[in-house]
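> Task: produce atomic coordinates for the following.
(chains A, B, C and D)
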Number of protein chains: 2
Amino acid sequence: MVGIFNKKDCNNCDECNIKSPIFSILNSKDSEFLNFDRYSVSYKPGELIYKQGSSYTHLINLTSGLVKLYLEGNQKELITRICKPFEIIGGSGVYIDNKHHNSAAAITEVNACFVDVKRFKEIIRKNALFAEEYIKIISERRLYSFERLGSVMQKQMPGIVAEAIIYLSEKIFDSARFDIQLSRQELANYCGITKEGLIRTMKEFKDEKLITLEGNILEILDGKTLHKISALG
Amino acid sequence: MVGIFNKKDCNNCDECNIKSPIFSILNSKDSEFLNFDRYSVSYKPGELIYKQGSSYTHLINLTSGLVKLYLEGNQKELITRICKPFEIIGGSGVYIDNKHHNSAAAITEVNACFVDVKRFKEIIRKNALFAEEYIKIISERRLYSFERLGSVMQKQMPGIVAEAIIYLSEKIFDSARFDIQLSRQELANYCGITKEGLIRTMKEFKDEKLITLEGNILEILDGKTLHKISALG
DNA sequence: GTCAAAATATGATTTAGATCAATAAAATTA
DNA sequence: TAATTTTATTGATCTAAATCATATTTTGAC
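The predicted structure is shown next:
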């Protein structure tokens, strides 16, 4: 339903692997083993990739587009992370219960590559450098969760929203001017506030000439002040 | 200042290693290598074990007592986890920057064992099972951070406090009746609310006969309702 | 054992942000 | 293109929880 094999974007795993921090360290033999039955799926904006609570057999390597990871609970959703190409997603429970502990949905058009968990685990056992790289990845994510827990709990709206804008600019789009692919509701869900609160706070930033916002195009005018607001909370 | 070598509690690493999920899988050779210059330190209640932002050379194996891990920021502190014996602490940045990303302090009398990071990393490279076990540990913690992010952001005071009481009862003290070693302020810091809010919410629970609370001794009378409050938020 | 300091408890007030309500603007569909 | 639905925006109101103020109890020092 949601996925088709997409030959155009994926005729050769090597092309992707080079760009992936973790897969790029594999030698050709391990790489071949891992990619033996790897397959590609494409998603349209908004489509669900996997659902919190469901079990899985594959890790997902995002090869193009943006994905949101989110926690569902009590009719609210909290976006925990925005993923961009060559991140591995869907493996948070891989050594615990093989269950997804969050949900994932496509923000833009997405192509993703499915890697068998058993093969992945086998390589982890055989290849210490690969294991180490994987440890690095999950450590980084843990620190990121940490930071977010700290921000979202201790800051108030202006601080959280400033942080989110900086995050999009610096970590996702790598530009002071960008199309915020997310809807207002989604951005609010990332901040852990309501859409009205988000809109009002962004309006303030606009009035104070910290940003411009026309439709979905956001530009940071005064990054310094924005950083200050984010840091002070 | 804070630490002395405590011979009474620690004359033989094997005794501790047996009880530790990760160190127990080491063979005697690796174990000997890892423990070569391992040393023990004891702390009094309230004493700082390490400080957020500082760098480190050792992982800490908690051998007795309770430790709080907390994030410091904007004159508030947020307790992210309570640790009990045979957990490894202080290694969240071990594969990133060798910096502590949180602070740790003793809640009770604490004995802790310091393991050299270099040796630890060497074993990770040599011993795939050890690496795998370490991956399990950090994965579990990541999922725990996840859960907490979800709760603390989406629930309101009664839900959060109920969850905290259940956590202490089921995960830390393993009993329906226990001495909550933490001060009210600390418990509030764990919940991400003010001490007044915590006290009022606990009073409500008391009035509704869900718990008894005399001084620091808390007893859960109606765990079922408490679970319901926690789940509904 | 007395006194000082700290921790706990409770009431009164304030406030940030949620909720509710109503347009306005986009995006989809027919 | 018009009609319909969805998304964005703005204003008015409400509320949970923070803050402030003040007792009360507990703890620790002398």
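> which ones are touching residue A:114?
A:38, A:39, A:40, A:41, A:58, A:59, A:60, A:61 (C-beta atoms under 8 Å, 6 or more residues apart in numbering or on different chains). The C-beta positions use only the backbone N, C-alpha and C, and glycine is treated the same way.
> What is the neighbour count of the third one?
Neighbours of residue A:40 under the rule other C-beta atoms under 10 Å in any protein chain shown: 21.
> Then it would be within a strand, right?
Yes - using DSSP: H, G, I helix; E, B strand; the rest coil, the secondary structure at residue A:40 is a strand.
> List the contacts of the spatially most central residue of chain A.
Chain A has residue A:83 as the residue nearest its centroid, 1.8 Å off, counting by C-alpha atoms, centre = their mean. Contacts for residue A:83 (C-beta under 8 Å, 6+ apart) come out as A:62, A:66, A:67, A:68, A:69, A:89, A:104.
> can you rerun that using 6 Å?
By C-beta atoms under 6 Å, 6 or more residues apart in numbering or on different chains, the residues touching residue A:83 are A:62, A:67, A:89.
> For chain A, what lies in contact range of DNA strand D?
Residues of chain A that fall close to DNA strand D, judged by C-beta under 7 Å from any atom of the strand: A:183, A:184, A:185, A:195, A:196, A:199, A:200, A:202, A:203, A:213, A:216.
> circling back: tabulate the contacts of residue A:114 (a markdown table), appending distance to chain B.
Formatted as a markdown table, the contacts of residue A:114 follow (distance: C-beta to the nearest C-beta, whole Å):
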| residue | distance to chain B |
| --- | --- |
| A:38 | 21 |
| A:39 | 25 |
| A:40 | 26 |
| A:41 | 25 |
| A:58 | 17 |
| A:59 | 13 |
| A:60 | 16 |
| A:61 | 18 |
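> Could you dump the residues you listed into a markdown table and include pLDDT and distance to residue A:152?
Below are the contacts of residue A:114 laid out as a markdown table (pLDDT from 0 to 100; distance: C-beta to C-beta, whole Å):
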| residue | pLDDT | distance to residue A:152 |
| --- | --- | --- |
| A:38 | 88 | 36 |
| A:39 | 90 | 36 |
| A:40 | 90 | 34 |
| A:41 | 92 | 32 |
| A:58 | 95 | 30 |
| A:59 | 95 | 27 |
| A:60 | 95 | 26 |
| A:61 | 94 | 28 |
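> Most neighbours out of those residues, which is it?
Greatest neighbour count in the contacts of residue A:114, by other C-beta under 10 Å, goes to residue A:61: 24 neighbours.
> and stretch A:116-134, average pLDDT?
Averaging pLDDT along stretch A:116-134 yields 92.
> and that stretch, how far from the chain's centre?
Mean-position distance between stretch A:116-134 and its chain equals 22 Å (C-alpha atoms, centre = their mean, to the nearest Å).
> can you tell if that stretch touches chain B?
Yes - Stretch A:116-134 is in contact with chain B by C-beta under 6 Å from any C-beta of the partner chain, via A:125, A:128, A:131.
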